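In: please find the sequence and the predicted model below.
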Amino acid sequence: MLLVKILNMLIDEGALTLIDACGVAHRFARCADDSGEIVVRLSDRRLHWKLLLNPGLSLGEAYTDGTLTVERGSVYDLLDLGARNVALMKPLQAARLGRILGRSRTFLQQYNPPVRARRNVAHHYDLPDTLFDHFLDPDRQYSCAYFADPHMTLEEAQEAKKRQLATKLLLRPGQRVLDIGSGWGGLCMHLARVADVDVTGITLSARQVAAARRRAAEAGLEGRVRFHLCDYRSEVGEYDRIVSVGMFEHVGAPHYDSFFRKVRDLLADDGVAVLHAIGRMDGSSNMAPWLQKHIFPGAHLPALSEVLPSIERAGLWVTDLEILRLHYAETLRHWRRRFLANAEAVARTHGARFRRMWEFYLASSEVGFRRCGLMVFQVQLAKRVDAVPLTRDYLFEAARSPGARLERAA
């Protein structure tokens, strides 16, 4: 079987036993130690060729459908084993493997006009709120946390992320702030509390708008925080500060120029914007086809080489750039463990198939940040060269006294 030959060539670290759909066991290992061995069973003969023709799609679909089961170890262990071994391959070997597998790069549908963008967002973010409560922190921060200390809890790291973003925005009381892709409103309310600013949040998720408005009312912040169901392209006005967290991944590469032109047009002349988004360290590449099809339709994870030219064409200054490497891997580790702890509740509400699909999503995403070149970048932008302090000292001063009011340095 060709699949067996490919796995024998691929597995150079760790141990894997594959029980094929005919019940025959095939073991792949370079040593006798089986303490960390992973055992996988296939129950559909079509997987013998599907996993060859399009592994990036078929592996996740087989696990979701239950035709591929992990009998020893977990799906995370399986994905991590594969990623580790691919990383060990020499470039020529990797190219040869790619030719043998016949791996094709599915054309990524990144054209996201408003109607399609709304539909893509609804596919993921308009799922019942209770689903997200099974793995997120109570503030529902659905983006990379900031582990200033590796021993932080998820809640502490998400609070640290919000403080970090607030510091980079250089907020002053009374300023008008726009949050593009405001989610369930946690960051908007945080900024209003710590810096006494007026915040507008926009998102394409009807469920998120409803929840954010309810939360703002319960917190007594309706006068300073408001939320709208709105595409960023339709927003008007002028803002002193603009922030966007975890939304840029859904813009689509064909729209990068228009996105940054819109940021420029909405930003005051002395304004500051901060963009927090997932990216790639190894150049332009398509999102994994399974994630693109089942989890984030229309999404794209860009390399900085795709983003920076659009910023330049918009006439904006990059006044600061920070790369968060393993922070999202740690965030996803927390999410995955919480999700698995609530797996039975998820299955009761959404079904076993959905539970397996989301387990695969969280596991493959974590492996992506640990092994496959994914990272998060935070870009601080301005129209004027003197809009932010000359040095980055203000970032470290705020870290030393996180309870202090955040004000722009003179």
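Out: Structure received. Numbering: from 1, shown residues only.

In: pLDDT score assigned to the residue positioned nearest the centre of the chain?
Out: Per C-alpha atoms, centre = their mean, the C-alpha nearest to the average position across the chain is that of Ile278, at 5.5 Å. On the pLDDT scale, Ile278 is placed at 97.

In: so who does the residue lying closest to Asp80 once chain neighbours are set aside touch?
Out: Among residues not flanking Asp80 along the chain, Val367 sits closest, at 5.3 Å (C-beta to C-beta, 6 or more residues apart in numbering). (Each C-beta comes from the backbone N, C-alpha and C, glycine too.) Taking C-beta atoms under 8 Å, 6 or more residues apart in numbering, we find Val367 in contact with 76, 79-80, 83.

In: on that earlier part again, mind checking what secondary structure the residue nearest to the centre of the chain has?
Out: Assigned by DSSP: H, G, I helix; E, B strand; the rest coil, the conformation of Ile278 is strand.

In: and it, bridged to which residues?
Out: Counting by DSSP bridges, Ile278 is bridged to Val376.

In: show me the contacts for it.
Out: By C-beta under 8 Å, 6+ apart, Ile278 lies in contact with 144, 246, 249, 301, 328, 374-376.

In: so how far is Leu57 from it?
Out: Per C-beta to C-beta, to the nearest Å, Ile278 is found 20 Å from Leu57.

In: roughly how far does the nearest residue to Trp317 once chain neighbours are set aside sit from Arg241?
Out: Nearest residue to Trp317, sequence neighbours excluded (C-beta to C-beta, 6+ apart): Ala382, at 4.8 Å. To Arg241, Ala382 is 10 Å away according to C-beta to C-beta.

In: flag the shaky bits of the stretch 51-200 of the chain, pLDDT-wise.
Out: 90-113, 115-116, 118 (pLDDT under 70).

In: quick one, helices of it?
Out: All helices of the stretch 51-200 of the chain, identified by DSSP state H, counting those that start in this stretch, fall at 55-65, 75-88, 91-101, 114-125, 129-133, 154-169, 186-195.

In: tell me which of the ones you listed sits nearest to Ser258.
Out: For Ser258, the closest of the helices of the stretch 51-200 of the chain is helix 114-125, at 11.6 Å, according to C-beta to C-beta.

In: tell me which stretches of the stretch 301-410 of the chain form strands.
Out: Taking DSSP state E, counting those that start in this stretch as the test, the strands found in the stretch 301-410 of the chain are 317-324, 374-382.

In: please identify the deepest-packed of the ones you listed.
Out: Comparing the strands of the stretch 301-410 of the chain by mean neighbour count (mean count of other C-beta atoms under 10 Å), strand 374-382 comes out on top with a mean of 22.

In: are there helices or strands packed against it, and which ones?
Out: On a contact count with 3 or more C-beta pairs under 8 Å, 6 or more residues apart in numbering; DSSP states H and E, strand 374-382 meets helix 154-169, strand 267-280, helix 304-313, strand 317-324, helix 327-341.

In: would you format those as JSON lines with distance to Arg224 included?
Out: Putting these into JSON lines (distance: least, C-beta to C-beta, whole Å) gives the following:
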{"stretch": "helix 154-169", "distance to Arg224": "15"}
{"stretch": "strand 267-280", "distance to Arg224": "18"}
{"stretch": "helix 304-313", "distance to Arg224": "30"}
{"stretch": "strand 317-324", "distance to Arg224": "27"}
{"stretch": "helix 327-341", "distance to Arg224": "28"}
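
In: list the contacts of the closest residue to Gly181 other than its chain neighbours.
Out: Leaving aside its chain neighbours, Gly181 sits nearest to Met247 (2.5 Å; criterion: C-beta to C-beta, 6+ apart). Applying C-beta under 8 Å, 6+ apart, we find Met247 in contact with 180-181, 203, 232, 277.

In: just the buried members of those?
Out: Buried subset of the contacts of Met247 (neighbour count, 16 or more other C-beta atoms under 10 Å): 180-181, 203, 232, 277.

In: farthest pair within these?
Out: Thr203 and Ala277 (15.4 Å).

In: ok so, going back, and the contacts of Met247, which is closest to Asp126?
Out: For those, the residue nearest Asp126 by C-beta to C-beta is Thr203; the value is 10.4 Å.

In: domains in this structure, as residue ranges please.
Out: The record, using automatic domain parsing to delimit domains, assigns the chain the ranges 2-101, 114-400.

In: so Phe227 is in which element?
Out: Per DSSP states H and E, Phe227 falls inside strand 225-229.

In: equivalent analysis for Leu18, please.
Out: Secondary structure assignment for Leu18, by DSSP H and E: strand 15-19.

In: chain center to that strand: distance?
Out: Strand 15-19 sits 30 Å away from the centroid of its parent chain (C-alpha atoms, centre = their mean, to the nearest Å).

In: likewise stretch 126-142?
Out: So, by C-alpha atoms, centre = their mean, the centroid of stretch 126-142 is 14 Å from its chain's centroid.

In: same check on stretch 362-373?
Out: 10 Å.

In: now that stretch: average pLDDT?
Out: Rounded mean pLDDT across stretch 362-373 is 96.

In: show me which positions of stretch 284-292 end up buried.
Out: For stretch 284-292, by 16+ other C-beta under 10 Å, it's 287-292.

In: for these, work out which two are farthest apart.
Out: Met287 and Trp290 (9.2 Å).

In: about what we covered before: in TSV: the strands of the stretch 301-410 of the chain, plus distance to Arg348.
Out: Below are these laid out as TSV (distance: least, C-beta to C-beta, whole Å):
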stretch	distance to Arg348
strand 317-324	35
strand 374-382	32
